[in-house]
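> following is a predicted model, sequence given first.
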Amino acid sequence: MGISSRKVVFVGFNQDYGCVACGTERGFRVYNCEPFKEIFRRELISSIGGGGGGDGCGIGIVEMVFRSNILAIVGGGSNPRYPPNKVMIWDDHQGRCIGELSFRAQVRAVRVSRDKIVVVLEHKIFVYDFPADLKLIHQMETIPNAKGLVALSSSTAPGNESSVLVCPGLHRGEVRVEHLSANKGSKTDFIAAHDSHLACLALTSDGHRLATSSDKGTLVRIFNTLDGTRLQELRRGSDRAQIYSLAFSPNAQWLALSSDKGTVHVFGLRTFASQDDRADVAHLAYNQPSKDDTHAGNNRGIFDSDSSAFLSSNPGSSLAFMKGVLPSYFSSEWSFAQFHLPEEIRAVVAFGAQKNTILIVGTDGSFYKCSFDPLHGGEMVQQEFTKFVRPYEDEPQL
C-alpha cells in the first residue's frame, strides 16, 4: 500500500504512559507500551463513524482516557476523516462516535482527564465536563497558540479534588495556571516563565510542578504551580532547538526532553523521592565500589541520609562557584543522561513502568525503550526497538 496511506500524523502517550495512541492517514491505532504490542486499530472509511463530513480517513489527534474505551479524535492529515474544527467522542465498544464538539476555528490540541475535556483553539481554550453531558464549565483567551500548548493534571489520588491546567497567557513567555475545583470554582495565577515565546509545557500528575521551555530551546525551567516560584533551571544546550516534548517521571524525580537535535535528555530534579525509591538508591550507593576522591565528581547522585532524599545531581560547569559573576551559562545544570537517536525524528518521550527507563515514540513509526544509570547517568542503553508502522506493508505485524 502506498506510503501516504500509512503515514503517521500523530503520536501521543495516555495519562499514565502505559499506552501510545497513533493517528494515521487511514484511521487510528492504540498500542500497549510494556510489552509493546498493538491493542487495536481502526481503519476508517467514509461510511463509518457517523457525524463525519469528510471523504478521507486521516486522524490528526487521538487522546485516550487512561485505558478506557472512550477516545477524543480530530480529523487531520492530507485528507481528514472529520472536519478539523470538530472533536469527535469515539466509543470503541460501539465502534462509532457518540458525541461531538464543534468550533468556529481549527482544533489545535485536546487533553482529557477522568472528568474534564480541554479543547485548544489558536486564541481560546474551552473546558467541558466529561464524559457525562459535555457542559462548558470554563473558557479563557490566550496569546496566539498555533502549537496548541496546554497541559492538564491527571492525578486521581484521594483528596486531590482539583485539577490544574496550564496554557499560554496573554503575553509572550507567560504561563496561565488555572486551579479548577468542582466545589470552589477556579483560581487563576500567572507565571512569567520566559522572555521569548513558549514552546512546550508539562505538568506532574498532581499538577504541583510545571516544566516550561521557550522557542529558543536552550533552557527548561521548573516552577511550583501553587505559588509560582521557580525551583530549578536546566540547560539542554547552547544552540537553538525546537523542543518537541517534556515529561516528568511519576515520582517527579526526573524530567525527560526531546528536541529536533536528535538527542533525548534526562535531568535530575530537586525533589523528595518515594520511600521505595530512597531505599533503592541507598542500596545502590552503598554497594558502589569506592572511588578516589579525585574522581568523586563522576558520581552524579547524592543520597542525603539526614533528609532521606535522593538529590539527582546534574553536571555543571567547573566555574559554577562564580555564580553571579560570570554569565548564567556557567552556572547551568546540564542533562544527567542522554540517548542519541539514529536520526533526527520528531519524537515524544515518557517514563516506563520499570524504574529508570525512558520510552520514545517517533512520527516515523518507531518505538524505543532505554534505561539510564540512576547514580552515574551518561549515555543511556537501548533495551528495545520496534517499527510499529511499516509504510510498504499492507498489514504490518508486531
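The structure has been received and is ready for your questions. Numbering: from 1, shown residues only.

> the nearest residue to Arg235 once chain neighbours are set aside: neighbour count?
Spatial nearest neighbour of Arg235, chain neighbours left out: Ser332 (3.7 Å); criterion: Cβ to Cβ, 6 or more residues apart in numbering. From N, CA and C alone the C-beta is placed, and that goes for glycine too. If you count neighbours by other Cβ atoms under 10 Å, Ser332 ends up with 21.

> now do Ser332 against Cys33, distance only.
32 Å (Cβ to Cβ, to the nearest Å).

> can you check Ala241 too?
26 Å.

> in its sheet, what does the helix or strand that contains Ser186 sit against?
Using DSSP states H and E, Ser186 sits in strand 185-192. Under the criterion DSSP bridges, strand 185-192 sits next to strand 174-181 (antiparallel) in its sheet.

> just how off-centre is the partner strand within its chain?
18 Å (Cα atoms, centre = their mean, to the nearest Å).

> give me the buried positions along it.
When neighbours are counted by 16 or more other Cβ atoms under 10 Å, the buried residues of strand 174-181 are found to be 174-180.

> can you check stretch 349-359 too?
For stretch 349-359, by 16+ other Cβ under 10 Å, it's 349-352, 355-359.

> buried residues, the strand holding Ser186. List them.
Ile191.

> ok, and what's touching stretch 181-188?
Residues from elsewhere that reach stretch 181-188, judged by Cβ atoms under 8 Å, 6 or more residues apart in numbering: 115, 138, 161-163, 176-180.

> what separates the residue nearest to Arg235 from Leu255, distance-wise?
15 Å.

> save the buried residues of stretch 349-359 as a markdown table, and put in secondary structure too.
Formatted as a markdown table, the buried residues of stretch 349-359 follow (DSSP: H, G, I helix; E, B strand; the rest coil):
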| residue | secondary structure |
| --- | --- |
| Val349 | strand |
| Ala350 | strand |
| Phe351 | strand |
| Gly352 | coil |
| Lys355 | coil |
| Asn356 | coil |
| Thr357 | strand |
| Ile358 | strand |
| Leu359 | strand |
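
> of those, which pair is most distant in space?
Farthest-apart pair in the buried residues of stretch 349-359 is Val349 and Lys355; separation 16.2 Å (Cβ to Cβ).

> over to the nearest residue to Arg108 once chain neighbours are set aside: give its phi and psi.
Nearest residue to Arg108, sequence neighbours excluded (Cβ to Cβ, 6+ apart): Gly148, at 3.1 Å. Main-chain torsions, Gly148, degrees, to the nearest 10: phi 70, psi 40.

> Val381: neighbour count?
Val381 has 13 nearby residues by other Cβ under 10 Å.

> who does it form a beta bridge with?
Beta-bridge partners, per DSSP bridges, of Val381: Ser371.

> roughly how far does it sit from Phe372?
In terms of Cβ to Cβ, Val381 sits 8 Å off from Phe372.

> same check on Asn85?
Distance, Asn85 to Phe372, using Cβ to Cβ: 42 Å.

> helices along this protein, start to end?
With DSSP state H, the ranges of helices along the chain come out as 3-6, 275-286.

> weakest of the ones you listed in terms of mean pLDDT?
Of all the helices of the chain, the minimum mean pLDDT falls on helix 3-6 (a mean of 47).

> how far does stretch 352-366 sit from its chain's centre?
11 Å.

> can you give me the end-to-end distance of that stretch?
Distance between the boundary residues of stretch 352-366 (Cα to Cα, to the nearest Å) amounts to 16 Å.

> can you map out the strands along the stretch 51-200 of the chain?
Along the stretch 51-200 of the chain, counting by DSSP state E, counting those that start in this stretch, strands occupy 59-64, 70-75, 86-91, 96-102, 109-112, 116-120, 124-129, 136-141, 151-152, 162-168, 174-181, 185-192, 198-203.
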